[in-house]
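>>> Next input, structure requested:
(2 chains)
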There are 2 protein chains.
Amino acid sequence: MTDTRLDVAETLKDLPTWRAYDGDRPAITRTLKFADFNAAFGFMTRVALMADKMDHHPEWSNVYDRVEILLTTHDADGVTDKDVTLARFIDDAAAGMGVKS
Amino acid sequence: MTDTRLDVAETLKDLPTWRAYDGDRPAITRTLKFADFNAAFGFMTRVALMADKMDHHPEWSNVYDRVEILLTTHDADGVTDKDVTLARFIDDAAAGMGVKS
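Alright, predicted model coming up:
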């Protein structure tokens, strides 16, 4: 994986559950809703283990059954393959818990 | 523990690391900085286990080594003993990891 900046719009074509961050820097975001807090935090734990292994960490928040995630690569000032890899892991983990969109 | 609303300013006298939330509802907040993501998420995991046991959950966000926490009791539209109990657990867990303020 490189830190080459990707075009966000192009990248999102292959990540249909993600959208462009409407903020001050290039990033992609996804909001996920789980059955309850236990499910939401269980999901976060899976993502945390992967993120720490990748040394590439999400910016995220949690309110009960909801998790909001923002992915960007600080060193590249944009979205890179690292974000795509973590986004795909997040999508797989969420799908495995029955989260559809 | 009851759902009786407490006076936020009075409550904060006994919670020196917390402050009143400057937002649209009565709540208390604390921001914590850890050694790294691993420490921050380890702390969050301790809090998550306690929160789920209490059935009283924080609103929180995490960016790498930082965790921002907001506590309020929705059913009471304010701060209650449940928030104080969880705040004290958070303080103890953070202190146990060397977080000072």
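
>>> from here on, contacts and neighbour counts on C-alpha atoms
Fine.

>>> Work out for me the element the most centrally placed residue in chain A sits within.
Nearest residue to the geometric centre of chain A (CA atoms, centre = their mean): residue A:87, 4.3 Å. In this assignment (DSSP states H and E), residue A:87 forms part of helix A:81-96.

>>> Who are the packing partners of the helix or strand harbouring residue A:38?
In the assignment (DSSP H and E), residue A:38 maps to helix A:37-54. Where contact means 3 or more CA pairs under 8 Å, 6 or more residues apart in numbering or on different chains; DSSP states H and E, helix A:37-54 is packed against strand A:66-71, helix A:81-96, helix B:37-54.

>>> Extract the CA atoms of it and return them as PDB.
Provided in PDB are the C-alpha atoms of helix A:37-54 (Å, rounded to 0.1, in the frame of the first residue of the first chain):
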ATOM      1  CA  PHE A  37     -24.500  -0.800  22.000                       C
ATOM      2  CA  ASN A  38     -23.100  -4.300  22.500                       C
ATOM      3  CA  ALA A  39     -23.200  -4.900  18.700                       C
ATOM      4  CA  ALA A  40     -21.800  -1.500  17.900                       C
ATOM      5  CA  PHE A  41     -18.900  -1.800  20.300                       C
ATOM      6  CA  GLY A  42     -18.200  -5.300  19.200                       C
ATOM      7  CA  PHE A  43     -17.900  -4.000  15.700                       C
ATOM      8  CA  MET A  44     -15.600  -1.200  16.900                       C
ATOM      9  CA  THR A  45     -13.400  -3.700  18.600                       C
ATOM     10  CA  ARG A  46     -12.900  -5.600  15.400                       C
ATOM     11  CA  VAL A  47     -12.100  -2.400  13.500                       C
ATOM     12  CA  ALA A  48      -9.700  -1.200  16.300                       C
ATOM     13  CA  LEU A  49      -7.700  -4.400  16.100                       C
ATOM     14  CA  MET A  50      -7.300  -4.100  12.400                       C
ATOM     15  CA  ALA A  51      -6.600  -0.400  12.500                       C
ATOM     16  CA  ASP A  52      -3.800  -0.900  15.100                       C
ATOM     17  CA  LYS A  53      -2.300  -3.700  13.100                       C
ATOM     18  CA  MET A  54      -2.300  -1.500  10.000                       C
END
